[in-house]
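Q: The following block contains a protein sequence and its predicted model.
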Amino acid sequence: MRTRAEKVAGGWRLDGEKGWITNAAIADLFITYVQTDVSAGWRGIACFLVDARKPGFTRCPAYDLMGGHAIGAGGFMLENYLASDEDMIAPPGEAFKLAMKGVNGARVYVAAMCVGMLGHALETALAYGAERRAFGKSLLEHQGLNWSLGDVANDLEALRGLVAHAGHLIDREEDAVMAAAHAKKFAGRVTLPRLADCIQSMGAAGLREEYGLHRHLACAKIAAYTDGSTEMMNERIGAGLLKAYGPAA
């Protein structure tokens, strides 16, 4: 973390740049994590409320993202930005814990969005397959398509279960690090190919814009990065297994 905060008269001076911020193109208030003491590592990180309307704040152009224009992702720069002591949301030593607590919830709601996209795609494919007829019967009556959508339904149910489990842990304020990582990783792994299966089951009709499945494809790819990439979920899960079963366990 290279964005820095230095204690000055009247508050803190913030300098640095942030990127990949959702709603950065339109938001006026930003929850911003900064480093106050590099030698302290994560214990030096503090969290401030940054106001885009104050001097020292410069908004960067939004990213032109495939399928992600609506989220307004982008960044901002801070140069001699003065944050008051009251603007500090979490002090050094507490801010990083706050960020980690919040990211578990973020990972679960991204996985939940994948449940919604995949559920809609499956319903669309099933409705089309029940109506469209080929060789004297509906598409759903053909085993090849029936089994293909059965695989989609199977992974969808598994993803729903992972999301529900992680969500319940968060609601009870219990440790959800592993559960959130499992839900997020599974969502990133199955949503994109299963959406493609739904489109394939509809033949060329699956490509028609009126069904909206092309948007789900783009958004599913975005979900593989948002709030932690699939590789980061592997790291979290692996670290959790090492903690539970490693030599020091």
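A: Cool, got the structure. All of these numbers come straight from a predicted model, not from anything done at the bench.

Q: low pLDDT regions in this protein?
A: 248-249 (pLDDT under 70).

Q: for it, what spans make up the helices?
A: 95-131, 143-171, 177-201, 213-223, 230-245 (DSSP state H).

Q: E6 is in contact with R13, isn't it?
A: Yes. Counting by C-beta atoms under 8 Å, E6 does reach R13; the two are 4.9 Å apart. Using the backbone N, CA and C atoms, a C-beta is placed for each residue, glycine as well.

Q: Who has more neighbours out of the two?
A: R13 (18 against 11; other C-beta atoms under 10 Å).

Q: State the distance from A218 to L65.
A: Note on A218: its distance to L65, by C-beta to C-beta, to the nearest Å, is 9 Å.

Q: With A25 instead?
A: Counting by C-beta to C-beta - A25 and L65 are separated by 11 Å.

Q: neighbour count winner among the two?
A: Between A25 and L65, A25 has the larger neighbour count (other C-beta under 10 Å), namely 18 against 15.

Q: Hmm, the more buried one is touching A62, no?
A: Yes. Using C-beta under 8 Å, A25 is in contact with A62, at 3.9 Å.

Q: joint contacts of these two?
A: 72-74 (C-beta atoms under 8 Å, 6 or more residues apart in numbering).

Q: ok, what's across the strand from C47?
A: Y33, A90 (DSSP bridges).

Q: and it, how far is that from G75?
A: On the measure of C-beta to C-beta, C47 and G75 end up 17 Å apart.

Q: of the two, who's got more company?
A: The neighbour count for C47 versus G75, taken as other C-beta under 10 Å, is higher for C47 (21 against 17).

Q: what sits against that one?
A: C47 neighbours (C-beta under 8 Å, 6+ apart): 31-34, 88-90, 95, 98-99.

Q: try it again with 6 Å
A: Applying C-beta atoms under 6 Å, 6 or more residues apart in numbering to C47 gives the contacts 33, 89-90, 95.

Q: From the chain's centroid, how far away is stretch 97-106?
A: 12 Å (C-alpha atoms, centre = their mean, to the nearest Å).

Q: Same check on stretch 62-78?
A: 14 Å.
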